[in-house]
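[1] Quick one, what's the 3D model for this:
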Amino acid sequence: MSTYRQSAAQRDGLRPDQHVRHISAIALEPLRQRGIRMLLIDFDNTLIASREQRPSAAVLAWLEQVRQMGMEAVVFSNNRSARVHRVASELRLRCFPGVGKPSVAAYRKVLAACGQTPATAVAVGDQVFRDIWGANRSGLHSILVEPLDRREFLPIRLLRPIERLVLASLRDRRLREVG
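    Numbering: from 1, shown residues only. So this is what the prediction gives:
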C-alpha cells in the first residue's frame with residue numbers, strides 16, 4: 001500500500017490544502033494532532049524576503065513554536081546560493097537547496113533523507129506552480145503563503161498573474177460545487 005494519499009488537492013493539482021497570508025499564521029497544533037512531524041519550507045519569499053539577510057521576528061518566533069511542539073522545520077528550496085546555507089545554518093535548520101521543485105522525486109528524496117512520509121510532513125511555499133503543485137503530486141498537505149516581497153526574479157514575476165487566475169478559478173469552481 002502506498003503512503004502517498006489521493007487528496008482533493010491532488011485531483012485539482014494546483015489547489016493548496018490551506019492558504020494563509022504569512023507563514024506565522026499557520027496553526028501548528030492541528031498539524032501536530034494529525035501526526036505532522038516535519039514542515040518542508042520554501043526559502044525565498046516564504047521563510048525570508050528575497051533580499052533580506054535574516055527572517056522577520058514573526059518568522060523566528062513561529063520557528064521556535066515549531067521546535068517547542070516537537071516538529072522539525074526543513075529548508076526545501078530550488079535556490080542554491082550561499083545565502084540559503086548561511087541562513088539555514090544560523091537558524092539551525094536542515095537545508096536541502098537546489099532540489100528541483102516541482103519534481104516528485106525531489107520531495108521523495110528529502111522525505112526519505114529525513115525519515116518521513118507524506119503523511120507526516122507538510123509543504124509550505126509561496127508559488128503555486130512549484131511548491132503547491134509539487135507537494136500535491138507528492139501526496140503532501142500543501143500550504144500556500146503570500147509572498148513576502150513583491151520584488152522577484154523575472155520568471156517568477158511573469159508567473160504571478162497566471163497563478164492569480166488559477167487560484168481565482170479554483171475558488172470559483174469550489175463555490176459552484178458547494179452552492
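[2] Run through the bridge partners of the residue nearest the centre of the chain.
    Most central in the chain under CA atoms, centre = their mean is Val124, positioned 1.6 Å from the mean C-alpha point. Beta-bridge pairing of Val124 under DSSP bridges involves Ile41, Ile143.
[3] What residues does it make contact with?
    23, 26, 39-42, 46, 131, 143, 145 (CB atoms under 8 Å, 6 or more residues apart in numbering). (Glycine included, C-beta is placed from N, CA and C.)
[4] Could you identify the buried members of those?
    Taking 16 or more other CB atoms under 10 Å as the criterion, what is buried in the contacts of Val124 is 23, 26, 39-42, 46, 131, 143, 145.
[5] Return the member of those residues nearest to Glu90.
    Ile41 (14.8 Å; CB to CB).
[6] you'd agree that closest one is up against Gly125?
    Yes - between Ile41 and Gly125 a contact is recorded at 7.5 Å, counting by CB atoms under 8 Å.
[7] what's the closest of the buried ones among the contacts of Val124 to Gln33?
    Closest to Gln33 out of the buried ones among the contacts of Val124 is Ile26 (13.7 Å), distances taken as CB to CB.
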